[in-house]
Each structure stands twice: as C-alpha cells, then as structure tokens.
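using only what follows, build the 3D model:
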Amino acid sequence: MHKPLLTACSLLAVFWAVVADAALERISDFALLDNTGTFHQLSRYQHRRAVVMMAYVPGCAAMPALVQALLDVRTSTNDEAVEFLLLDSLDSGRERLQQIDSGLPLLEDDGQLVSETLGLTHAGQVLVMNPQRLSLFYRGAVVETLAEVLAQAVDGSVVDTISTADLVHPEGADCEIAYPRKAAHVEKAPDYATEVAPILLANCAECHRQGGVGPFALDSYLMVLGWSPMIREVLLNKRMPPAQVDPLIGHSADARYLAAQDLQTLIHWIDGGAPRGDSETDPLEAQLAVGPDPWFLGEPDYIVTGPAHQIPRTGVMDYLYEQVELPFTEDRWLRAVQFRAGDASVLHHLMTFVTAPGEDFWGEERNQESVSRRFVEGYAPGAQRAIEYPAGTGVLIPAGHRLSMQFHYVTNGQATVDTTELGLYFSAATDLTEVRTQAVSTRFELPANVADFPMLATHRFDEDVVIFGVRARMNNRGKRMKFVVAYPDGSEQAIFSVPAYNYGWQPHYLLDSPLRIPAGSTVKAIGAFDNSISNPNNPDPNKVVGFGLNSWDEMFTGYFSYYRAPK
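Numbers count the residues shown, from 1 in each chain. Down below sits the predicted model:
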C-alpha cells in the first residue's frame with residue numbers, strides 16, 4: 001500500500017492561503033516535446049478544463065513517491081477533463097528521460113525556461129493550470145485535497161489562485177531546482193551587440209527585415225525592444241522560429257533549429273529589461289532590405305517566369321494553381337533549380353511538379369493512395385539557395401511535359417504584384433538516375449471534436465532506394481507527422497519528425513544524411529489530426545471532414561524523395 005504523503009494531522013498546517021481581492025494568476029503559454037518526441041502546448045489543451053503538471057527532478061530519491069501520489073490523484077479524479085503531465089525541470093535530455101517509466105508524459109524543459117518562468121523551485125511542486133485562460137488554479141504540494149481542487153477547477157468555481165501554506169512537500173525539500181544559466185545572466189546580462197543581435201541575425205532577420213515575409217522588421221535595437229514581449233511569447237510556445245522539427249530525429253538544413261543556450265540568452269536578456277549595452281554600433285542596422293537574389297549557379301539554362309499575381313492588401317488567399325507549358329521537343333534532365341521570388345514579402349511557399357499533358361498539379365494523387373511523382377522542388381521563406389540534386393541524379397522532364405505550380409501567398413497590408421521566376425539548370429548527361437517523390441496517403445473520415453485522431457499511410461519499395469528528403473502535407477486540422485522506415489528484418493527507424501504541424505509551413509526537408517534502404521522496406525507516414533477546439537487553426541471543430549485536395553477538405557500525405565540506389 002502506498003503511504004499518503006501528507007497525513008491528516010499534517011494537513012492541519014496546509015490550509016489554503018488566498019490573497020485577498022486576488023484573481024487567477026496569469027501564466028505564459030509554453031510548448032515542449034516530451035520523452036517520446038510528442039508535442040505539448042498549454043493553449044492546445046482547450047479540450048481540457050485543467051492541466052496538472054508536477055516538477056520532476058531525475059535522481060531525486062523522493063520522486064517515485066511524489067509521482068505515485070500524483071497518480072493516485074489522477075485515479076481518484078477519473079475525469080477526462082483533466083490532463084496530467086510531468087516536467088523535467090533539470091533539462092536532463094531525452095536519452096535519460098526515456099529510461100524513466102513514470103506512467104505520465106515527461107516534458108523536456110529546454111534550457112529550464114518553462115520551469116523558471118513558472119517559478120518552480122523544488123521537486124514535486126504541482127501546478128494546476130487553466131489552458132483556456134492561461135491562468136493558474138493552484139500552486140503547491142501534492143496534498144490529499146488536490147482532487148477537491150481539481151473538481152472545483154472543472155466546474156469553474158475557482159476564482160482565485162489557491163496555494164498551499166507550504167509550497168514544497170517535505171519529501172521534495174532536499175531536491176532543489178537550480179538555474180545556473182539564469183543566475184549567470186542575472187549577474188551579468190547578455191550583451192546586445194555581441195550575444196543577442198547575432199542570434200537574431202542568424203535565425204530571425206532573414207524574414208523579419210524590410211521587404212521580408214515577416215510582419216515586422218527586426219532591423220534595430222529599438223524594434224527588438226518594442227517587440228520583445230512578443231518575441232518572448234513566440235519563443236516559449238515554439239511558434240517561432242517556424243517549421244520546427246524534432247531536433248533528435250534526423251536533421252535538415254531546411255528546418256529551423258534554435259539551441260537551448262540561444263533561447264536562454266534571448267529570454268534572459270528580455271527578462272532583464274533588454275539592456276542596450278555599451279556598443280556604439282547596432283549589428284541589426286547594418287541589414288540590407290530584401291532585394292532580388294543572384295542566380296547562385298550562374299545564369300540558368302532556362303528561366304520560367306510565373307504569372308503576375310495580384311496580391312490584395314488584406315484577407316486570406318487560397319492556393320493559386322498555374323500550368324506552365326515548356327517548349328522542349330526532347331527530354332531534358334534537371335541537375336539543379338532555383339526560385340527567385342518576385343515579392344518575398346508575400347510569397348509564402350511554392351511547390352512545383354513535372355506533369356504530363358492533361359494532368360493537373362495533383363496528378364495521380366487524386367485517385368491513388370501511393371504514387372511516384374516527379375517533384376521539382378519547393379520555395380519557402382528564408383535564406384535562398386540553388387538546389388542541386390544528388391550527384392549522378394536528376395529530375396527528368398519528358399518531351400511535351402509541363403510544370404504544375406501551387407502558390408501560397410500571405411497579405412501584409414500593402415497591395416502588390418508577385419512575378420516569381422524559376423531557374424532551370426540542365427545536365428549534359430543523359431544516363432542519370434531519376435529523382436522521384438513517393439506520395440504516401442490514405443483515405444478517411446475525420447470525426448468532429450476529436451483532439452487526437454491517429455493516421456497511418458505506407459508504401460513498400462521493391463528495390464533498393466536512397467531517401468534524401470521528406471515533406472508533410474495536411475490542411476488546417478493537421479497535428480503531427482513522423483517519417484519511419486520499417487526494414488525487412490522487422491526493425492524500424494524514425495528518420496524525421498514534424499511534431500507540431502502547421503498548415504502555413506510545409507517545407508521540403510532535404511536530409512543532411514540521406515538514407516539507403518533495402519528492397520522490401522516499408523516507409524510510413526505516422527501522424528494525427530486535431531479536429532477540436534484546441535486547434536487554433538480549426539475553422540469548425542463541430543464539422544465531420546472527409547478526404548479531399550481542396551483547402552477546406554483534409555488530406556494526409558507524406559512525401560519521400562528518393563532515387564534508385566547505385567549497385
């Protein structure tokens with residue numbers, strides 16, 4: 001039998017200490033991955049009435065008893081309206097956390113920023129949070145009356161933040177949470193010119209500058225200072241940098257990674273008042289406005305000039321589809337391509353396929369769940385470069401075929417015209433291995449008001465291939481997608497993961513380390529939809545949605561870019 005952590009006698013000293021005339025304490029939204037790589041965001045638990053989270057300190061002798069006490073509360077609560085989580089407040093790393101069988105999701109606190117923001121000081125401290133209002137119902141130790149607090153939180157009767165008289169349970173008192181990086185930054189604030197500005201230049205300024213797709217320009221200290229509350233918010237909830245992926249599953253230069261140390265530098269600098277420092281120069285002011293990129297590989301062999309798209313000042317634009325006829329009377333092999341946006345401030349992404357006469361952008365994807373296609377490449381905001389296909393390979397454009405292009409634009413308050421160019425570089429060789437993309441999908445009906453509807457799409461390769469890129473494609477209700485290879489011997493390998501899918505960001509991720517897989521291997525796209533009130537992009541959680549290629553439908557397609565492996 002588990003011995004209660006607090007006896008009835010000790011409870012006499014644990015009456016609620018409520019500040020007079022107080023209201024529910026406000027807290028910041030935050031997002032973290034757990035020890036399985038699953039994404040959790042406080043504001044995306046709108047389908048719950050409360051989220052209970054305990055500070056977890058690996059190595060603390062009292063943790064098993066503290067966790068068991070929380071599990072007992074969950075058992076006695078037995079209410080689907082409450083979510084229970086653990087928070088690794090030491091940022092111990094996934095490898096260590098995966099060895100812990102806690103019975104609850106164990107969130108990885110990158111750089112300890114969530115723990116310090118929430119004011120956690122000892123192992124076993126519990127927070128009961130309101131995900132709908134981003135506020136705090138309860139702060140304190142695990143007590144036998146915690147279930148009563150949860151009942152009150154569920155029925156909406158908690159109007160003031162409740163705290164136990166002693167915020168730290170005696171069994172967790174010896175397991176204090178230290179914040180060495182924060183302490184160092186309190187003693188000596190990060191320097192704006194030499195520490196903060198370089199991080200912004202490397203990770204933010206490519207989009208957030210004059211003429212960029214970002215909604216404001218981070219082109220001076222004053223601009224950073226003015227936007228600092230917003231910067232802090234989007235860093236903590238992982239909204240920015242965009243197109244984030246699981247950093248521990250595969251790697252791609254096309255993804256946005258921000259190290260925990262850089263996150264600490266930015267947030268601690270903001271929390272410290274964002275000091276300007278003594279530097280006479282401002283590195284951000286040296287940025288240049290976005291202009292036409294050069295042709296990085298020299299003048300292309302052929303330039304496709306897209307149509308002049310009129311972009312209004314405001315509003316939400318649906319995808320635009322264009323068919324581009326090509327004048328080639330013989331087969332051509334592409335060795336490289338480069339996009340040049342006409343107006344980078346509005347062009348959000350662009351996808352291009354080679355299609356046969358009479359075929360549209362979607363091609364055989366309209367009718368087949370698994371189909372091999374000729375994908376040229378995609379454009380996404382950020383630093384631009386020419387895309388060269390792996391050595392000895394290329395994209396084949398058969399004579400008489402054309403390009404089918406899908407444009408996605410965002411409005412920014414100014415009417416403009418975008419005329420984007422696509423430079424094609426041909427190969428003189430004709431004995432190349434063809435680059436293809438395997439589109440792997442499934443058909444489904446998505447129920448209403450379901451926060452996690454699992455999905456799976458598969459394809460078996462009958463020859464040895466090299467996978468060098470992946471892309472996830474869902475619409476507004478997409479939640480996550482992981483790319484996995486199941487080998488003939490029964491083993492599986494996750495090669496890339498998009499744990500927090502965003503309909504607005506669908507880059508083609510070129511893998512830093514392409515993967516050769518043997519014949520008989522099955523590739524899997526494993527993911528989920530969120531058709532609930534918790535999904536901020538969901539136009540109507542009460543609607544049952546079926547498969548379709550229109551933006552108001554839903555689709556679940558994983559793209560695996562590959563070529564036949566050399567002998």
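
can you show me the helices along the stretch 1-150 of the chain?
8-11, 63-77, 94-97, 113-117, 146-155 (DSSP state H, counting those that start in this stretch).

need the winner for burial among those.
A comparison of the helices of the stretch 1-150 of the chain by mean neighbour count, using mean count of other Cβ atoms under 10 Å, puts helix 113-117 on top with a mean of 22. C-beta coordinates here come from the backbone N, C-alpha and C atoms, glycine included.

other SSEs contacting that one?
Helices and strands touching helix 113-117, by 3 or more Cβ pairs under 8 Å, 6 or more residues apart in numbering; DSSP states H and E, are helix 221-236, helix 260-271.

adding mean pLDDT, write the helices of the stretch 1-150 of the chain out as TSV.
What follows is those, written out as TSV (pLDDT from 0 to 100):
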stretch	mean pLDDT
helix 8-11	38
helix 63-77	94
helix 94-97	94
helix 113-117	98
helix 146-155	93
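
and those helices: which comes nearest Asp219?
Closest of the helices of the stretch 1-150 of the chain to Asp219 is helix 113-117, at 26.0 Å (criterion: Cβ to Cβ).

what lies in contact with the closest one?
Residues outside helix 113-117 that contact it (Cβ atoms under 8 Å, 6 or more residues apart in numbering) are 27-28, 30, 32, 55, 87, 89, 107, 109, 177, 179, 182, 236, 260, 263-264, 267.

pull the CA atoms of it into CSV?
Extracted as CSV, the C-alpha positions of helix 113-117 are listed here (Å, rounded to 0.1, in the frame of the first residue of the first chain):
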residue,chain,number,x,y,z
LEU,A,113,13.0,28.1,-19.3
VAL,A,114,9.4,26.9,-18.6
SER,A,115,10.3,25.8,-15.0
GLU,A,116,11.9,29.1,-14.2
THR,A,117,9.1,31.1,-15.9
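
how far out from the middle of the chain is that helix?
20 Å (Cα atoms, centre = their mean, to the nearest Å).

before we move on, what about stretch 102-111?
Centroid displacement of stretch 102-111 relative to its chain, using Cα atoms, centre = their mean, is 17 Å.

wait, what's in contact with Met481?
Ala472, Met474, Ser497, Val498, Tyr501, Ala525, Ile526, Gly527, Phe556, Gly558.

in strands, which of the contacts of helix 113-117 fall?
Leu32, Ala55, Leu87, Leu107 (DSSP state E).

any idea which of those residues is closest to Thr437?
Leu32 (32.1 Å).

list the beta-bridge partners for the closest one.
Bridge pairing for Leu32 (DSSP bridges) gives the partners His40.

closest one to Pro247 among the helices of the stretch 1-150 of the chain?
Proximity to Pro247 (Cβ to Cβ) singles out helix 94-97 among the helices of the stretch 1-150 of the chain, at 9.6 Å.

can you list contacts of the closest one?
Leu33, Asn35, Gly37, Pro58, Asp88, Leu106, Glu108, Leu248.

thinking again about what came up before, most widely separated two among the ones in strands among the contacts of helix 113-117?
It's Leu32 and Ala55 that sit farthest apart of the ones in strands among the contacts of helix 113-117, by Cβ to Cβ, at 13.2 Å.

the more surrounded of these two?
The residue with more neighbours, out of Leu32 and Ala55, is Ala55; 27 against 23, by other Cβ atoms under 10 Å.

those strands in the stretch 151-300 of the chain, which residues are they?
162-163 (DSSP state E, counting those that start in this stretch).

for it, which spans come out with low pLDDT?
For the stretch 151-300 of the chain, applying pLDDT under 70 flags the ranges 288-291.

can I get the helices of the stretch 1-150 of the chain in a markdown table including distance to Glu187?
Putting these into a markdown table (distance: least, Cβ to Cβ, whole Å) gives the following:
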| stretch | distance to Glu187 |
| --- | --- |
| helix 8-11 | 38 |
| helix 63-77 | 30 |
| helix 94-97 | 28 |
| helix 113-117 | 15 |
| helix 146-155 | 37 |
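
quick one: closest of those to Lys482.
helix 94-97 (14.7 Å).

now, which of the ones in strands among the contacts of helix 113-117 sits nearest Leu432?
The closest of the ones in strands among the contacts of helix 113-117, once distances to Leu432 are taken by Cβ to Cβ, is Leu32, at 44.0 Å.

from what I can see the closest one touches Gly111, true?
No. With contacts counted by Cβ atoms under 8 Å, Leu32 stays clear of Gly111, the gap being 10.7 Å.

hmm, back to that, any of the contacts of helix 94-97 buried? List them.
Leu33, Asn35, Gly37, Pro58, Asp88, Leu106, Glu108 (16 or more other Cβ atoms under 10 Å).

nearest to Val73, out of the helices and strands packed on helix 113-117?
Nearest to Val73, of those and by Cβ to Cβ, is helix 221-236 at 26.9 Å.

now what about the closest one, what contacts it?
Taking Cβ under 8 Å, 6+ apart as the rule, helix 221-236 contacts 28-31, 113-114, 117, 192, 196-197, 200, 216-218, 239-240, 258, 263, 266-267, 270-271, 274, 276, 282, 284.

pull out the buried members of the residues you listed.
Buried members of these, counted by 16+ other Cβ under 10 Å: 29-31, 113-114, 117, 192, 196-197, 200, 217-218, 239-240, 258, 263, 266-267, 270-271, 274, 282, 284.

got the contact list for the closest residue to Gln261 other than its chain neighbours?
Spatial nearest neighbour of Gln261, excluding adjacent residues (Cβ to Cβ, 6 or more residues apart in numbering): Gly111 at 6.9 Å. Shown in contact with Gly111 (Cβ under 8 Å, 6+ apart): Asp91, Arg181, Ala260, Gln261, Leu263, Gln264.

and Gly111, how close does it get to Leu235?
As for Gly111, its distance to Leu235 is 10 Å (criterion: Cβ to Cβ, to the nearest Å).

for Asp418, same thing?
30 Å.
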